[in-house]
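Asker: Predicted model, plus sequence, below.
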Amino acid sequence: MTLQPVITEVTNRIVERSRATRRAYLELIARERKTGVDRPKLSCGNLAHGFAAAGDDKSAIRSGKAMNIGIVTAYNDMLSAHQPYARYPEQIKLHAREVGATAQVAGGVPAMCDGITQGQHGMELSLFSRDTIALSTAIALSHGMFEGAALLGICDKIVPGLLIGALRFGHLPAVFVPSGPMPSGLANKEKQRVRQLHAEGKATREELLAAEAASYHSAGTCTFYGTANSNQMMMEVMGLHVPGAAFVNPGTKLRQALTRAAIHRLACNGWDGEDYRPLGLCVDEKAIVNAAVGLLATGGSTNHAIHLPAIARAAGILIDWEDIDRLSGAVPLLARIYPNGSGDINDFEAAGGMAFVIRELLNAGLLHTDIMTVAGRDLSDYARAPLLDGDELASRAAPARSLDEAMLRPACMPFSPDGGMRLVAGNLGRAIFKTSAVDAARWTIEAPARIFTDQDDVIAAFQAGELDRDVVVVLRFQGPRANGMPELHKLTPPLGVLQDKGFKVALVTDGRMSGASGKVPAAIHVSPEALGGGPLAWLHDGDLVRLCAVDGELAALVDETEWKARAAAAPPPSASGTGRELFAFMRRGCDGAEQGASAMLAAGL
């Protein structure tokens, strides 16, 4: 299938912009492969330390004749999505031995849960946990003991962090090994209804807690289509999973077979074999475009407007929000998964899942087929769904038709011709507007601004009835340099209540809203942020603000002379406690949201 012209145009734009940085990256991984640290170069003392506790694998690791896989795990048993990883290392070691390889846990990385920290002080550590995970991954792989990496992570910052860190060891083959979503519990729409009732004072805390516990009820990824499940979608369209691994529930025989296949495949991808597939060549400009296309076609998380530029940058590739905006205009919306629809990720999988989406996008010329994946010939192998034939892993073609057209549609009959993640810009800066989650009648909002610097003050104003009117809520000094760019999902229920009352409501912020937010029109990730003189700091209460996804506009309707004469508002004092002060160096060194909001990448790449 011939590529759609916009896909070609954007890809070429990225290739040209990235020419020098990509060349430098490829030179780095070639140099690391040739002269970097690996087992044959370790001294006897180094090597002995590395296999001292390896038990039955000691002689194989000592001899250097078999691939040794470094497992980097984000296991903890507080985070439901990662609790299944407890037994993975011992299983991976068994799977590795089946193909003459060995495996060791190279290191663990932190895995915080945004669901727990949402609206709490810990959320101000969330974005920078991605860089901490990347640094931890680099430390784990720095020992030179490994010829491949098995990356165990699923959720929000964890997959981007693992990938960023592993890309600095891009001469190694690597595979992501997911653990899958929890079975469906209380319907997300019902959970949302109870949340709004609680925001209005019509449901008790105990009723709210009962609804939340019925929704988030067992091991596995949360079932709404937020950042965690968007991560898994991206790993599929980038070819970094074995095909079909994204959305198979934990604890099933199929899940275990997919993990086994991932380790067997990784053992074939090493540099001593005939099928060397280093991570740094798998993640190229085409794979990055595929990730953006998949995000748009499925209505994925807005967090990836930050994570995708950071991932790309770690591989020497430069992508910006204009690229995403152009792709959005060409990529149809094929899926409606909560919060963009009523069904959850398990319903999506049952309707045809990623195999159906990839098949449709490939046939429409919207994905690059010719990428180096961790398994198979090219991306067309990912248009098949996994199944068990007895005890053996097999696959079948994606269903010819969607098995639930309220959830999933073909490219010729999409929910929308537009991917639904648009760039809005003007005298207030540049921002992301996720139109796929918002009714088209609300894509344009023009109303007076009400300015806040703390999300709890927004809640208090709502409860006092001060926001019962047409209003653009502006929450500023929430950017990466100000306070770590927390998610502001806590604001969705009260703003949703105002919208349901018939008011024209929008949110404008230099903070983040996750893929779980939806419903209320929002210009998020506003860049440049208010701290340091970004134009959000010039806004006054009562200024008329226009947010329009149709025209791509984000503007204060203020006389230009007066606008330019204004002084920036003073930022609130830096907060401390809950470890926030430890991340001050990351805040100070951080670059903008559109560049990936990373002090680490700003300083080193």
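Answerer: Cool, the structure landed. Numbers count the residues shown, from 1 in each chain.

Asker: so where's this protein shaky on pLDDT?
Answerer: Within the chain, the stretches with pLDDT under 70 are 1, 515-518, 605.

Asker: longest strand anywhere in it?
Answerer: Longest among the strand segments of the chain by residue count, using DSSP state E, is strand 444-452.

Asker: elements contacting that one?
Answerer: For strand 444-452, the packing partners by 3 or more C-beta pairs under 8 Å, 6 or more residues apart in numbering; DSSP states H and E come out as helix 455-463, strand 471-475, strand 505-509, strand 544-548. (Glycine included, C-beta is placed from N, CA and C.)

Asker: so which of the ones you listed comes closest to residue 172?
Answerer: Nearest of the helices and strands packed on strand 444-452 to residue 172, taken as C-beta to C-beta: strand 505-509 at 38.9 Å.

Asker: The closest one packs against which elements?
Answerer: strand 444-452, strand 471-475, helix 492-500, strand 522-527, strand 544-548.

Asker: Check the ones you listed for me and report the most buried one.
Answerer: Ranked by mean neighbour count, the helices and strands packed on strand 505-509 are led by strand 522-527 with a mean of 28 (mean count of other C-beta atoms under 10 Å).

Asker: which other residues reach that one?
Answerer: 302, 305-306, 424, 428-434, 479, 485, 506-513, 534, 536, 547, 554, 592-594 (C-beta atoms under 8 Å, 6 or more residues apart in numbering).

Asker: In strands, which of the residues you listed fall?
Answerer: Counting by DSSP E, the contacts of strand 522-527 contribute 424, 429, 430, 431, 432, 433, 506, 507, 508, 509, 547, 554 to strands.

Asker: The fourth one and residue 555 touch, don't they?
Answerer: Pointing back at residue 431 there. No - the pair residue 431 / residue 555 is not scored as a contact, 11.1 Å apart, by C-beta atoms under 8 Å.

Asker: if you count what's nearby, which of those two comes out ahead?
Answerer: Neighbour tally, residue 431 and residue 555, criterion other C-beta atoms under 10 Å: the higher count belongs to residue 431, 26 against 20.

Asker: ok, that one to residue 525 distance?
Answerer: Separation of residue 431 from residue 525 (C-beta to C-beta, to the nearest Å): 6 Å.

Asker: helix/strand/coil for residue 151?
Answerer: Using DSSP: H, G, I helix; E, B strand; the rest coil, the secondary structure recorded for residue 151 is strand.

Asker: what residues are up against it?
Answerer: 72, 137, 162, 163, 166, 174, 175, 176, 177.

Asker: who's the first one bridged to?
Answerer: Taking DSSP bridges, one finds residue 107, residue 151 as the beta-bridge partners of residue 72.

Asker: hang on, isn't it packed against residue 107?
Answerer: Yes - taking contacts as C-beta under 8 Å, residue 72 lies within contact range of residue 107: 5.7 Å.

Asker: Give the residues shared as contacts by those two.
Answerer: With C-beta under 8 Å, 6+ apart as the test, residue 72 and residue 107 both reach 136, 137, 140, 141.

Asker: Let me know the closest of these to residue 582.
Answerer: residue 136 (14.9 Å).

Asker: packing partners for the host helix or strand of the closest one?
Answerer: Assigned by DSSP states H and E, residue 136 belongs to helix 126-141. When contacts are defined as 3+ C-beta pairs under 8 Å, 6+ apart, helix 126-141 packs onto strand 68-73, strand 102-108, helix 158-167, helix 304-314, helix 584-589, helix 599-604.

Asker: where's the closest residue in space to residue 485 that isn't next to it in sequence relative to residue 596, distance?
Answerer: Take residue 485 and drop its neighbours on the chain: the residue closest to it by C-beta to C-beta, 6 or more residues apart in numbering is residue 127, 4.9 Å away. Note on residue 127: its distance to residue 596, by C-beta to C-beta, is 10 Å.

Asker: Pull up the gap between residue 404 and residue 463, please.
Answerer: Counting by C-beta to C-beta - residue 404 and residue 463 are separated by 39 Å.

Asker: Then residue 33?
Answerer: From residue 33 across to residue 463, the span is 59 Å (C-beta to C-beta).

Asker: Show me where the stretch 251-400 of the chain has its strands.
Answerer: Ranges of strands in the stretch 251-400 of the chain, per DSSP state E, counting those that start in this stretch, are 384-389, 392-397.

Asker: and the ones you listed as CSV, adding distance to residue 502 and mean neighbour count?
Answerer: Output for those, formatted as CSV (distance: least, C-beta to C-beta, whole Å; neighbours: other C-beta atoms under 10 Å):
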stretch, distance to residue 502, mean neighbour count
strand 384-389, 44, 16
strand 392-397, 48, 14
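
Asker: CSV for those, including distance to residue 543?
Answerer: As requested, the strands of the stretch 251-400 of the chain are arranged in CSV below (distance: least, C-beta to C-beta, whole Å):
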stretch, distance to residue 543
strand 384-389, 52
strand 392-397, 56
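
Asker: Ok, which of those strands comes nearest residue 53?
Answerer: With respect to residue 53, and counting by C-beta to C-beta, the nearest of these is strand 392-397 at 31.7 Å.

Asker: Give me the contacts around the closest one.
Answerer: 243-244, 254, 257-258, 260-261, 355, 359, 383-388.

Asker: returning to what we had before: nearest to residue 57 among the contacts of residue 151?
Answerer: Distance to residue 57 across the contacts of residue 151 (C-beta to C-beta) is lowest for residue 72, with 17.6 Å.

Asker: What number of residues are in the vicinity of that closest one?
Answerer: Neighbours around residue 72, by other C-beta under 10 Å: 26.

Asker: Could you report the neighbour count for residue 326?
Answerer: Residue 326: 17 neighbours (other C-beta under 10 Å).
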